[in-house]
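Colleague: have a look; sequence and predicted model below, questions after that.
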Amino acid sequence: MDSIPANRRLWNQISSAYQHEHDPQIGAAPRLWGMYSIPDAHLHALGDVSGRRVLELGCGAGQWSRVLADEGATVVGVDLSEAQLTAAAAAMGPTRYSLVQGAAEQLPFAADSFDLVFCDFGGLSWAPPHLAVPQAARVLRRGGRLVFNVASPWFEACYDESARRVTTTLQRDYFGLNTIAEGDGATSYQLTYGDWVKVLRGAGLAIDDLIEPRPEPGTPNGYNETDPPDWAHRWPAELLWVTHKP
Ligand SMILES: C[S@@+](CC[C@H](N)C(=O)[O-])C[C@H]1O[C@@H](n2cnc3c(N)ncnc32)[C@H](O)[C@@H]1O
């Protein structure tokens with residue numbers, strides 16, 4: 001299915017409100033992962049990027065990209081939404097990096113262009129993984145890494161649409177997750193653990209780690225209500241995959 005036009009429309013519509021609500025959290029400090037803003041210094045997912053060619057898939061307003069550019073990486077932020085790219089351009093600091101409009105499932109870059117491809121709830125949450133993962137693998141050089149954070153199937157399967165919160169009850173089939181309707185045809189994507197392994201290995205990537213970021217009790221979720229409030233301290237809310245191209 002082609003969700004590019006609808007996802008682009010959605011993010012153009014919500015960009016301004018999204019940044020107003022979430023930028024203070026996402027941009028509060030360098031290198032914060034996911035819904036609970038867990039520092040990379042605790043998770044050790046990304047490593048040293050100085051001198052590396054880095055691609056962020058679905059960079060949004062560039063909170064990650066600008067930090068990695070400041071650390072000495074040559075960064076390209078790709079995003080589907082011109083409104084999100086405008087927000088990224090407006091927030092760019094003195095260290096410039098490139099912004100490109102494009103889709104994670106059709107990357108406009110040559111093979112072997114990057115040392116690191118990564119995202120945090122970006123292109124690998126909003127593009128079909130069976131298309132976007134092979135694209136990421138294609139643009140990586142041998143030895144390069146694909147690192148990305150997505151919602152966990154637990155989180156999605158326990159999300160109660162009508163109550164608009166994550167619960168302790170299974171609300172939908174684990175094996176039926178696949179696509180999540182985000183309104184007006186916009187779609188996000190979720191795979192089972194087994195399908196992630198198949199898609200990653202099928203694209204020729206080796207899996208180095210699957211980090212399950214675990215917030216301390218009392219850490220607020222900036223995006224979703226959970227019941228109980230410390231849900232993510234007890235069950236995994238996110239999957240942070242660390243892979244490389246052998
Ligand atoms: C939740 S934001 C992630 C960016 C940032 N890490 C954040 O947390 O705000 C999702 C981003 O993915 C972008 N996006 C949606 N579909 C995409 C696609 N198919 N390819 C690339 N980017 C896409 C959206 O425009 C949006 O900027």
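Modeller: Looks like it came in fine.

Colleague: ok, residue 30 touching residue 67?
Modeller: Yes - between residue 30 and residue 67 there is a contact at 4.3 Å, judged by C-beta atoms under 8 Å. Backbone N, C-alpha and C define where each C-beta goes, glycine included.

Colleague: so for the two, which residue has more residues nearby?
Modeller: Neighbour totals were compared for residue 30 and residue 67, and residue 67 leads with 20 against 15 (other C-beta atoms under 10 Å).

Colleague: gap between the more buried one and the ligand?
Modeller: As judged by C-beta to the nearest ligand atom, to the nearest Å, residue 67 and the ligand stand 11 Å apart.

Colleague: swap in residue 9?
Modeller: 10 Å.

Colleague: before we move on, what about residue 34?
Modeller: From residue 34 across to the ligand, the span is 8 Å (C-beta to the nearest ligand atom).

Colleague: for residue 136, which non-adjacent residue is spatially closest?
Modeller: Nearest residue to residue 136, sequence neighbours excluded (C-beta to C-beta, 6 or more residues apart in numbering): residue 117, at 4.5 Å.

Colleague: is it true that the one you found touches residue 57?
Modeller: Yes - shown here, residue 117 and residue 57 form a contact pair, counting by C-beta under 8 Å, at 6.3 Å.

Colleague: quick check: mean pLDDT across stretch 134-143?
Modeller: Averaged across stretch 134-143, the pLDDT comes to 98.

Colleague: what about the longest strand seen in the chain, near the ligand?
Modeller: Longest strand of the chain, by residue count under DSSP state E: strand 140-151. No - Strand 140-151 lies out of reach of the ligand by C-beta under 6 Å from any ligand atom, never closer than 8.5 Å.

Colleague: hmm, who's touching that strand?
Modeller: Strand 140-151 has contacts (C-beta atoms under 8 Å, 6 or more residues apart in numbering) with 33-35, 45-47, 57, 112-122, 124-125, 133, 136-137, 190, 200, 205, 208, 213, 237-246.

Colleague: give me the buried entries from those residues.
Modeller: The neighbour count (16 or more other C-beta atoms under 10 Å) marks 33-35, 45-46, 57, 113-122, 124-125, 133, 136-137, 190, 200, 205, 213, 237-245 as buried among the contacts of strand 140-151.

Colleague: cool, thanks, talk later.
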